[in-house]
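Chemist: kindly return the folded structure for what I paste below:
(chains A and B)
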Amino acid sequence: MNMKQKKAFKNWLVFIVIFVIAIFYFYPVLLMFANSFKSLGDVIKSPISMPKELVIQNYKDVIKKMDYLRLFRNNVIITVLGIVGIVFFSSAAAYILDRRRNKYTKIMYTLIITPMLIPFQTIMITLLKAMTIVHLSGSKIGLGIQYWGFGVPMATFIFYNFMKTIPKEIDESAKIDGASTFRTYISVIFPLLKSVTFTVIVLDVMWIWNDFLLPLLMVNSNKETKTLVLAAYTFVGSMNTKWHYAMTGMVLAVVPSIIVFIFLQKYIVEGVVAGAVKG
Amino acid sequence: MLSSKRKMKEMAENLAFTLPAFLLAALMIYIPFIMSGYYSLTKWNGIAKEPKFIGLENFKTILIESKDFINSLLFTGKYTLVFVVFSNVIALALAVALTRKIKLANFFRGVFFIPYIMSMTIVGFIWKFIFSSGFEQIYKATQWGWLNLSWLGDPKLAFYSVVFVGIWQQLGFYIVLYIAGLQAVPSDVLEAATVDGANGWQKFFRVTLPLLGPSITTCIFMSLTNALKVFDIILALTKGGPGNSTYSVTLQIYNEAFTSNNYGLGSAESIVYFLFVLVITQVVLKIFSSREVDL
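Modeler: This next block holds a predicted model:
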């Protein structure tokens, strides 16, 4: 065997090993899907095999029991509201913080990004009290707004680092054309932030959509305001003997993320990498 | 006159652009943080109007008199250590394999990444099912003894089960970070090493690994902060049991406040937890970033 053949053979071996690992790695996810299509008897009798026939009834029942469409809508409202605010406030702050470097902006920058060092669990007890005082607890809109505060520090940091790469000549020429600072930011700078805005959106959607602890504190007491993950947690907990329903509820909770991931895999992975390297 | 007017306008713009971001962070994070500091010095059940000021009494209770908080800190420390070491070693090994010229490399990367985009509580539930019903079924078919152990019921084993599931959920994230790092290692340096007669292992340990410094620092830091915050997975898998053997500090703070209604004690625990996280992350970050090598 020459060098080249040897290398090809080695790669082929690596492929086999990875293939086997990947099958075992993914099996739990597959299992969840498989069991969601079985009758209760089948889940208990043969929990790890593929279904013999597809029981769609589970889905019809669980969608109704969980009030799935409402949960889905709640999640969309909270996530979109959260993201829009985070992107708008962070990019605007980062713009001025980078363009006007003076004592004021230096202090402001430190004040805005320092909360990244404070773990959420440190403040959760008093947060509930504070949010009750300002009437942001107990509602979807309130929860969405709370994400602004928690998302802004990291997003400002990411936008700020990217802002440095946009030449200042661009804003200067806009200014000469008579555009105000706000106008320049909205129509000249913001469009240039497209790639980093995308990174921020990917990171924050993954976080807000699947977040558990903050919604648990803020919107768990009312059926109307529950999020998908919260409702799935309660539902699965109450179905601990009816595994076929539990599995279906679990699938319904994760399937939106998986579908989005399958279609946008390349961008999501890129966004996550960019966010981690910059954050 | 004109310049002072311009200055005023500039100052107004500075405020208009940056103040909202600051006020949001202040409202959601700084104010509750300061409140935690205050309530940690009080006896407060969350319902009474006036918390009673008791000085450092709460800190004495959680650090000296009661063992629960210290035990939860110890568990979290142990969990973090095992989590950081194994998730990084395994992720790096898989990333190295996936950057070779093998078929379906992108597909595999996606497979490993999928658990990371799933909600952690759901991940906990899936594994709870596998540890009980799934293992039982395979045991019946194969008679492999290790499947018949009580993976969530035995205090010692439950620790490993919880760490294992935590790693399973997050591994894909570290894999993609390491892949990005490996792809940035310049190929001419590796070729030069080959010309100098280095074998595969030597190239990895002497060239690739040192150049991977920034990626390693990022992954260690991310895995560290994620492990120190572990909550959802434990809640879904064991609720801290059996016998408090998997009781994380975050779960302890949550239950102290919201189940036992000891808001004062819970706030004191929050403050100690904050310092614990701050010290550990800063020390680890310092150690790793000082070892990075530039090309």
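
Chemist: need the contact partners of stretch A:229-249.
Modeler: A:32, A:35-36, A:38-40, A:42-44, A:47, A:55, A:58-59, A:61-62, A:65-67, A:71, A:209-212, A:215-216, A:219-220, A:226, A:250, A:252-253, B:119, B:121-122, B:125, B:129, B:133, B:236 (C-beta atoms under 8 Å, 6 or more residues apart in numbering or on different chains). For glycine as for every other residue, the C-beta is placed from the backbone atoms N, C-alpha and C.

Chemist: list only buried entries from the residues you listed.
Modeler: The neighbour-count test (16 or more other C-beta atoms under 10 Å in any protein chain shown) marks A:32, A:35-36, A:38, A:42-43, A:47, A:55, A:58-59, A:62, A:66, A:71, A:209-212, A:215-216, A:219-220, A:226, A:250, A:252-253, B:119, B:121-122, B:125, B:129, B:133, B:236 as buried among these.

Chemist: for B:F288, which residues are in contact?
Modeler: B:F288 touches B:213, B:216-217, B:220-221, counting by C-beta under 8 Å, 6+ apart.

Chemist: separation between it and chain A?
Modeler: B:F288 is 15 Å from chain A, where distance means C-beta to the nearest C-beta, to the nearest Å.

Chemist: which helix or strand contains that residue?
Modeler: helix B:263-290 (DSSP states H and E).

Chemist: then A:A231?
Modeler: Using DSSP H and E, the element containing A:A231 is helix A:228-238.

Chemist: give the buried residues for that helix.
Modeler: A:228-236.

Chemist: can I get those residues in CSV with distance to A:I23 and pLDDT?
Modeler: CSV is the format used below for the buried residues of helix A:228-238 (distance: C-beta to C-beta, whole Å; pLDDT from 0 to 100):
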residue, distance to A:I23, pLDDT
A:L228, 29, 93
A:V229, 28, 92
A:L230, 32, 93
A:A231, 32, 92
A:A232, 26, 90
A:Y233, 29, 91
A:T234, 33, 90
A:F235, 29, 90
A:V236, 26, 88
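
Chemist: what sits up against stretch A:65-85?
Modeler: Stretch A:65-85 is contacted by residues A:62-63, A:140-141, A:143-145, A:147-148, A:151, A:201, A:204-205, A:208-209, A:215, A:223-228, A:231-232, A:235, A:245, A:249, A:252, A:256, B:24 when judged by C-beta under 8 Å, 6+ apart.

Chemist: filter the residues you listed to the buried ones?
Modeler: Going by neighbour count (16+ other C-beta under 10 Å), these have A:62-63, A:140, A:143-145, A:147-148, A:151, A:201, A:204-205, A:208-209, A:215, A:225-228, A:231-232, A:235, A:245, A:249, A:252, B:24 buried.

Chemist: among the residues you listed, which are in helices?
Modeler: Counting by DSSP state H, the part of the buried ones among the contacts of stretch A:65-85 found in helices is A:62-63, A:140, A:143-145, A:147-148, A:151, A:201, A:204-205, A:208-209, A:215, A:228, A:231-232, A:235, A:245, A:249, A:252, B:24.

Chemist: who's in contact with the residue in chain A positioned nearest to chain B?
Modeler: Distances between chain A and chain B by C-beta to the nearest C-beta are smallest at A:G149, namely 2.7 Å. A:G149 sits next to B:24-25, B:27-29 when contact means C-beta under 8 Å, 6+ apart.

Chemist: what's the closest of those residues to chain A?
Modeler: Ranked by distance to chain A (C-beta to the nearest C-beta), these are led by B:M28 at 2.7 Å.

Chemist: neighbours of that closest one, just the number please.
Modeler: As a burial measure, B:M28 scores 28 neighbours (other C-beta atoms under 10 Å in any protein chain shown).

Chemist: which residue is nearest the middle of chain A?
Modeler: Geometric centre of chain A, nearest residue: A:M206, 1.2 Å, by C-alpha atoms, centre = their mean.

Chemist: ok, that residue touching B:I117?
Modeler: Yes. Between A:M206 and B:I117 a contact is recorded at 6.2 Å, counting by C-beta atoms under 8 Å.

Chemist: who touches both of the two?
Modeler: With C-beta under 8 Å, 6+ apart as the test, A:M206 and B:I117 both reach A:257, A:268.

Chemist: from B:Y174, how far out is the residue positioned nearest the centre of chain B?
Modeler: For chain B, B:N226 is the residue whose C-alpha lies nearest the centre (C-alpha atoms, centre = their mean; 1.1 Å). Distance of B:N226 to B:Y174, computed by C-beta to C-beta, to the nearest Å: 10 Å.
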